[in-house]
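Participant: mind folding the following:
(2 chains)
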Amino acid sequence: MRVRFAPSPTGHLHVGNARTALFNFLLARHGQGTFILRIEDTDVERSTRESELAIMDDLRWMGLTWDEGVEVGGLLGPYRQSERLDLYADYARQLRKSGHGYYCFCSAEQLDADRQRMVHAGLPPKYAGTCRSIPPADAEARVTSGEKAVLRLRVPQAREVTFDDVVRGPVTFHTDVIGDPVLVRSDGMPAYNYAVVIDDALMKVTHVVRGEDHISNTPRQVLLYEAFGWEPPTFAHLSLVMGPDHTPLSKRHGATSVAEFRAKGYLPEALVNYLALIGWSPGNEEEVLPLAELARRFELSTVAHSAGVFDEDKLAWVNRHYLKAAAPATLVDLSLPFLRNASIVVGEPSPVTRDWLQTIVPALASSIDRLSQLPERLRTVFAYDPVSTLANDAIGREMSEPGARQVVAALAADLQTAPRLTDRDLFRAAATRVKEKSGQKGKALFHPIRVVLTGEAEGPELDLLVPAIDRATELAPARGLQSVTGCRERAVAFAAALQNPHEGTKGTKGTKS
RNA sequence: GCCGGUAUCGUCUAGGGGUCAGGACACGUGGUUCUCAGCCACGGGACCGGGGUUCGAAUCCCCGUACCGGUACCA
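Facilitator: Predicted coordinates for the structure are as follows:
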């Protein structure tokens, strides 16, 4: 089995195309197939080298590596259409010789007028066939004398073309509605319908899996295979991906390219997993499946027929799963661009910082949707607002109990008189006091004390936090992060706020960074 | 206009002549938790419409409707 993904390098990799690439990849990996990457850059106007590189970068990021194609090579290359021009020319000659192809000299204006006339008459708007009957010798002569011409395929009349689509079953078109398609443009470049057929045939592609937008091109391509006497491959047309309003996914729906989702902090596994779920289901009720598992279960014939709406909420849900499951080192690697962007980390982190990040990032990652939210989350480790904390009913209730006030008062006293306790000593002292004074209530009391000491308003466990405090100074305070060295001031302010709830709510505001 | 495709909760889907039409996301309620999130439990929510075929249709057939794609010297 040989399959291919054949993007035009005219922009970023769209999630719809990424899904097509994924399904091809899954099909290849499911069987012991070959996945080919071919670049369709015959539209010289719009194709760019940057797009080509960006597309390959996105594919690799998703883990969709190709066995044959651009950059990795292979026996049936070249894999860039712009490097196969002589091949197309050879086969064009062959078509003219066999009579399946013929030169057409019609002007754009004439073609346009013909089309208008047909539409008005309620007829299918196809090429009128004006140049069909020009004797080949005359046509050749006109071309050699310099006249511009395109090469068209002579579509047989009054018959049907049927192909068996793996996802939709048999699809039939009548040739009466198919105009003779342009194979070679007047500038000598091959047209899509022509180049794909030559390439798929020469690259021995067995399964063509592509978007539904190609379904009506397929009969023309089948006819071309016939003209060459080749066996057509198996076709499968995937339904399209829509926006929430059920129109084709576009920029006004927000992010549409793989690069954008990547920039928003979605993990590659999550995007891949989610994309696979649009239009395909593993059959049972499992949904969170990594790439290898998707490949193991994938079945082209069970792909849905209808278009699917891209739902970012669900993507975020899938992402959370992978965020929680990711190995710390991997997570830190993926987070680094976001941390750098927020100036939390500059350059390569030192081993100590890395270590610290590996401790703290996984803990925080379990409560975010996307990596881009991480810097903000990380900031809360060091920024603390006593006012909003006390505003919480549960905490407020607990803090108002006599035992609690006693603990905090004692702590406040400690803090104000202690000469130079380290943060860790402070924390331990506080923990001890909580224990002896309030017994079981201590659990809730850890909250204010912890936030006093660290500013931590999140949920990492004690053991995690103590080393975190120790290492926090690794991060440069100047980069917008308040270092733990400020904890004394926060502690004092917090204690004051408790002793004097009314004044406190005003007076402590300034201590928040 | 013409040709082709598609149609199950708001969304992704499972199922498929007789089911309490199942799951997931989202949503709502409650619980747990040092806030949020998370997690747990519970809940509301669907077979596009009309005709057939049949004892019986969401499922099969036809018609309609809606939506999507194509109708290019773009892919």
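Participant: hmm, who's touching the helix or strand hosting A:Arg296?
Facilitator: Per DSSP states H and E, A:Arg296 falls inside helix A:291-297. Residues from elsewhere that reach helix A:291-297 (C-beta atoms under 8 Å, 6 or more residues apart in numbering): A:25-26, A:29-30, A:63, A:269, A:272-273, A:276, A:282-283, A:289. Every C-beta, even on glycine, is put in place using the N, C-alpha and C of the backbone.
Participant: pLDDT score for A:Pro282?
Facilitator: Looking at A:Pro282, its pLDDT reads 90.
Participant: any idea how far A:Met62 is from A:Asp311?
Facilitator: 19 Å (C-beta to C-beta, to the nearest Å).
Participant: for these two, indicate the residue with more neighbours.
Facilitator: More crowded of A:Met62 and A:Asp311, by other C-beta atoms under 10 Å: A:Met62, with 21 against 13.
Participant: okay, now the unreliable bits of chain A?
Facilitator: A:352-353, A:356, A:359, A:363, A:379-513 (pLDDT under 70).
Participant: from A:Leu13, how far out is the residue positioned nearest the centre of it?
Facilitator: Centrality entry for chain A: nearest residue to the mean C-alpha point is A:Val258, 3.2 Å, by C-alpha atoms, centre = their mean. According to C-beta to C-beta, A:Val258 stands 5 Å off from A:Leu13.
Participant: what's the overlap in contacts for those two?
Facilitator: A:Asp58.
Participant: ok, back up a step: pretty sure the residue nearest to the centre of chain A is touching A:Trp61, no?
Facilitator: Yes: if you go by C-beta atoms under 8 Å, A:Val258 and A:Trp61 touch, sitting 7.2 Å apart.
Participant: contact residues of the stretch 201-350 of chain A facing RNA strand B?
Facilitator: Neighbours of RNA strand B within the stretch 201-350 of chain A, by C-beta under 7 Å from any atom of the strand: A:212-217, A:239-240, A:242, A:244, A:246-248, A:277-281, A:283, A:285, A:287, A:302, A:304-309, A:311, A:313-314, A:316-317, A:320.
Participant: just the buried ones from the residues you listed?
Facilitator: With neighbours counted by 16 or more other C-beta atoms under 10 Å, these contain buried members at A:212, A:214-215, A:239-240, A:242, A:277-280, A:307-308, A:316, A:320.
Participant: in strands, which of these fall?
Facilitator: Those of these mapping onto strands are A:242, A:308, per DSSP state E.
Participant: in the helix holding A:Arg296, what counts as buried?
Facilitator: By 16+ other C-beta under 10 Å, the buried positions in helix A:291-297 come out as A:291, A:294-295, A:297.
Participant: with stretch A:104-121 instead?
Facilitator: In stretch A:104-121, counting by 16+ other C-beta under 10 Å, buried: A:104-106, A:111, A:114-115, A:118.
Participant: distance from the chain centre to that stretch, please.
Facilitator: The chain centre lies 42 Å from the centre of stretch A:104-121; the measure is C-alpha atoms, centre = their mean, to the nearest Å.
Participant: also stretch A:27-38?
Facilitator: Worked out by C-alpha atoms, centre = their mean, stretch A:27-38 lies 20 Å from the chain centre.
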